[in-house]
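Structure, please.
(chains A and B)
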Number of protein chains: 2
Amino acid sequence: MPATALKCRECKAEYPLEAHFVCSNCFGPLEVAYDFSALGADPAQTRRRIQAGPQNIWRYSDFLPLQGGSPGASTRGASRSGLPAGCTPLIRADRLAAELGLKEVWVKNDAANPTHSFKDRVVSVATHRARELGFDTLACASTGNLANAVAAQASAFGMRSYVFIPSDLEEQKILATGVYGTNVVAVKGNYDDVNRLCTELSGERAGWAFVNVNMRPYYAEGSKTLAYEISEQLGFTTPDRIVSPIASGSLFTKIAKGFEEWLELGIATGSLPKMNGAQAAGCSPVATAYANGHDVCRPVKPDTIAKSLAIGNPADGPYALELARRSGGGIDMVTDDEIREGIGLLASTTGVFTETAGGVTTAVLKKLAERGEIDPEERVVIVITGEGLKTLDAVRDTFTTHTIEPSFDAFEAEFAVAGSH
Amino acid sequence: MPATALKCRECKAEYPLEAHFVCSNCFGPLEVAYDFSALGADPAQTRRRIQAGPQNIWRYSDFLPLQGGSPGASTRGASRSGLPAGCTPLIRADRLAAELGLKEVWVKNDAANPTHSFKDRVVSVATHRARELGFDTLACASTGNLANAVAAQASAFGMRSYVFIPSDLEEQKILATGVYGTNVVAVKGNYDDVNRLCTELSGERAGWAFVNVNMRPYYAEGSKTLAYEISEQLGFTTPDRIVSPIASGSLFTKIAKGFEEWLELGIATGSLPKMNGAQAAGCSPVATAYANGHDVCRPVKPDTIAKSLAIGNPADGPYALELARRSGGGIDMVTDDEIREGIGLLASTTGVFTETAGGVTTAVLKKLAERGEIDPEERVVIVITGEGLKTLDAVRDTFTTHTIEPSFDAFEAEFAVAGSH
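Numbering: from 1, shown residues only, chains lettered A, B, ... in the order given. Modelled structure (predicted):
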């Protein structure tokens, strides 16, 4: 495989490709390091290999830390089992763009994954690596979407699973997790409490692969596929700007890493997009640090309807800050009311119904447009990470249902009064 | 385009390709008639054209009643706008097969459409035809999924829409419709009452395209794409058996029509699959007629948790009966408890979370396997038509959530007592 080692993001110490996530020297986070030289010098050939691949993230196996991912290997991931993630639609959103006075806006709808969030990407990669390393049990600390993805992927493989969630999670996400026959552990606390417990447990349960704790370096790489797909769907170019939500900061930074890898290898043309991060005002440690010009985040206690973004102590916060500044983007926050409006704006102009996190993203796009920060000529992609059916409370009472008797006259009376035609 | 006329299914009278759905001679239903001769005599060439098409149903434009669908036309559907439906995963379900003593079972997961049901296919076709015919408003009579699809598609195009639903519909489906800014009309009655009202309204509202009333011949053709996809995903062959739900009977019969077209044109090899229909015991007019050896269905008052199948007076019931018999399949019914078990069986063995309709389909597969009606060597495809997030009530209280304090000791205590590890 193209991955060569786990490498400390801070002190650059290297470790074997096992279930490690933190540097024993300096406690920095570990990342996967690669040697892509086996791809060869001709990007056109690499593009053709990608295009001939399966219609899921395994078409990008050459860039992922899994066995069988190296060029020429017979499996090339086409035969990987489990739930196929990725290859979600990139939709041109002309009506949304017009509404905001922009010219070219695209919606990357990652709700179109097996369990309807981008988490299927990261869980796919972590699960395959966990199986290569011999684990028989999957686990995770989740704000909801990850719980769905881990439970489903474990079912598909017949693995045991434990998912740890904050006990105040939306019922939709709990039901859509428990149905798979996983062990649902509701922890009385917020996500950061759940995460601390899982970090402790991962030291005690040798046979458990916590996808976002001891498997985190592999897990995080899955998010790069979002950048690869956007690039491929735009004809192997890069967009001018990405607007993406920030929870831990992992997705946001890995999208940039995906673009940077392809730019460096010549697979994509263009340059790194301006990277705009989106947070909810009720949990905005990264946006607040950005506004204050800080390099690190001060942890907060989350209080927002965007529960899937409710991480008060974001692991990759500093890297997200650095990226937003370096790329010429930024990080903004929006209120719960703006989030609800964002959900409605996206749904009514594109037909895409997103969960609260996507409302955050759409509301930040609107804010950037209103502030005049986006050149109308720019090609902007907003990353919609999850599905509206999972956070239905956010849209309750936002519209009128006309209840009538089953007769033509009743219909006429209702709509004559309402004046809707 | 390849479509030549609307043709009465009973008396074969022909009509122009407009917004008609019933024969003025004999009151039979109208269907689209085609002339596929422009495709040429070489099926291999047609297959290559399909494979080079977009990753959505428009790759099958040559077989759909839309302009620009004829071979060689420059648009070929690749540039069609709206929400892209289709190209949903066909997942090999070895764990489900093993559980049922079968060898080869596949799950066609049509919950992976934009609004998470197969209705996006039919609405896509009906909407494009409606726009070609100059309509500015979409409407439908829906048991829920269709409402989602129509409201979303209308938003994507900026069209006005009215969706008519039974007032006792699941809240999930109402919220996931209203968010798009459509006119939600909740009719006090069941689907058959809603349908009657819409049929009356379609005569009064000249500018409205009721996708499943006056646009029904075009709408119904969208379901053929499910057969095309299954065939293409199996290497342009046909499976031995299909298990599909039956509501109006349209999906069930059009899947067969899709296979028959491709077999006749030589695009697919094999023969018509045995067609097994699945109904809920609480609304089983077609299964009951099948069991009693009748050629027509006696209307019933629906009472089942499978609301998306709750059509008591199925328009295509007689054709579904004829097909089940002719193909060597059958039509079965399952109880609400079996439906809930079916949802759990599919989720826990494949990672696919389906709504109640998919529970019906899975439970019927189980019943057929238990009765020994399926040869273990058969290749069976079950058609999962919708998403579990839309009918969450069906899985509430089907599993245990372990609520604990955020500590290692609390976890140990809970799971030592529960004995789950």
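
Compute the number of surrounding residues for residue A:51.
The tally of other residues near residue A:51 (other CB atoms under 10 Å in any protein chain shown) stands at 10. For every residue, glycine as well, the C-beta is placed using N, CA and C.

Might you report the residue contacts of it?
A:59, A:232 (CB atoms under 8 Å, 6 or more residues apart in numbering or on different chains).

can you pull the contacts of the residue positioned nearest the centre of chain A?
Taking CA atoms, centre = their mean as the criterion, residue A:118 is the residue nearest the geometric centre of chain A, at 4.3 Å. Residue A:118 sits next to A:110, A:145, A:223, A:226, A:251, A:383, A:385, A:386 when contact means CB under 8 Å, 6+ apart.

okay if I get these as CSV plus distance to chain B?
What follows is these, written out as CSV (distance: CB to the nearest CB, whole Å):
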residue, distance to chain B
A:110, 12
A:145, 12
A:223, 20
A:226, 17
A:251, 21
A:383, 17
A:385, 16
A:386, 11
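
Now render those residues as CSV, adding neighbour count, pLDDT and secondary structure.
Formatted as CSV, the contacts of residue A:118 follow (neighbours: other CB atoms under 10 Å in any protein chain shown; pLDDT from 0 to 100; DSSP: H, G, I helix; E, B strand; the rest coil):
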residue, neighbour count, pLDDT, secondary structure
A:110, 26, 97, helix
A:145, 29, 95, helix
A:223, 25, 98, coil
A:226, 27, 98, helix
A:251, 26, 98, helix
A:383, 25, 98, strand
A:385, 29, 98, coil
A:386, 28, 97, strand
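
With distance to residue B:360 added, can I get these in CSV?
What follows is those, written out as CSV (distance: CB to CB, whole Å):
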residue, distance to residue B:360
A:110, 29
A:145, 28
A:223, 37
A:226, 35
A:251, 37
A:383, 36
A:385, 31
A:386, 28
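
Look up how far residue A:332 lies from residue A:283.
13 Å (CB to CB, to the nearest Å).

which residues in chain A form helices?
Taking DSSP state H as the criterion, chain A contains helices spanning A:43-51, A:94-99, A:119-132, A:145-157, A:171-178, A:191-204, A:216-221, A:224-233, A:250-265, A:285-291, A:317-327, A:336-350, A:356-370, A:408-418.

The last one to helix B:191-204, inter-axis angle?
Right, the one you point to is helix A:408-418. Orientation of helix A:408-418 against helix B:191-204 (axes from the mean of the first three to the mean of the last three CA atoms, to 10 degrees) gives an angle of 70 degrees.

And helix A:408-418, what does it pack against?
Based on contacts counted as 3 or more CB pairs under 8 Å, 6 or more residues apart in numbering or on different chains; DSSP states H and E, the elements that helix A:408-418 packs against are strand A:401-404, strand B:183-187, helix B:191-204.

For the stretch 201-350 of chain A, list the residues in contact with chain B, please.
A:201, A:204, A:343, A:344, A:347, A:348, A:349, A:350 (CB under 8 Å from any CB of the partner chain).

least confident pick among the residues you listed?
The lowest pLDDT within these belongs to residue A:204, with 91.

need the contact list for that one.
With contacts defined as CB under 8 Å, 6+ apart, residue A:204 is in contact with residue B:408.

Counting neighbours, what do you get for residue A:397?
9.

my bad, should have said residue A:405
Neighbour tally, residue A:405, other CB under 10 Å: 15.

on that earlier part again, among the helices of chain A, which comes closest to residue A:26?
Residue A:26 lies closest, by CB to CB, to one member of those: helix A:317-327, at 14.0 Å.

quick one: buried residues of that closest one?
Of all the residues in helix A:317-327, those buried under the rule 16 or more other CB atoms under 10 Å in any protein chain shown are A:317, A:318, A:319, A:320, A:321, A:323, A:324, A:327.

Export the residues you listed to JSON lines and append columns for pLDDT.
Listed next are these as JSON lines, based on pLDDT from 0 to 100:
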{"residue": "A:317", "pLDDT": "98"}
{"residue": "A:318", "pLDDT": "97"}
{"residue": "A:319", "pLDDT": "98"}
{"residue": "A:320", "pLDDT": "98"}
{"residue": "A:321", "pLDDT": "98"}
{"residue": "A:323", "pLDDT": "98"}
{"residue": "A:324", "pLDDT": "98"}
{"residue": "A:327", "pLDDT": "98"}
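
from these, which single one is nearest chain B?
Distance to chain B across the buried residues of helix A:317-327 (CB to the nearest CB) is lowest for residue A:317, with 21.8 Å.

In contact with the residue nearest to residue A:176 when sequence neighbours are not counted, which residues?
Nearest residue to residue A:176 in three dimensions, chain neighbours excluded: residue A:148, at 5.2 Å (CB to CB, 6 or more residues apart in numbering or on different chains). Contact partners of residue A:148, counting by CB under 8 Å, 6+ apart, are A:115, A:116, A:117, A:119, A:173, A:176, A:177, A:390.

partners of the third one in the sheet?
On the basis of DSSP bridges, residue A:117 is bridged to residue A:386.

Taking the stretch 201-350 of chain A, what residue is nearest to chain B?
The nearest approach of the stretch 201-350 of chain A to chain B comes at residue A:348, 3.9 Å away (CB to the nearest CB).

That residue: what's it in contact with?
With contact taken as CB under 8 Å, 6+ apart, residue A:348 is in contact with B:155, B:179, B:180, B:181.

how about the last one, what does it touch?
The reference is to residue B:181. With contacts defined as CB under 8 Å, 6+ apart, the neighbours of residue B:181 are A:344, A:347, A:348, A:399, B:151, B:155.

quick one: which of these is most hemmed in?
Looking at the contacts of residue B:181 with neighbours defined as other CB under 10 Å, the largest count falls to residue B:151 at 31 neighbours.

so that residue sits right up against residue B:163, yeah?
Yes. Here residue B:151 reaches residue B:163: they are 5.7 Å apart, a contact under CB atoms under 8 Å.

follow-up on the earlier one: looking at the contacts of residue B:181, which one is closest to residue A:2?
After measuring these against residue A:2 - CB to CB - the closest member comes out as residue A:347, at 39.8 Å.
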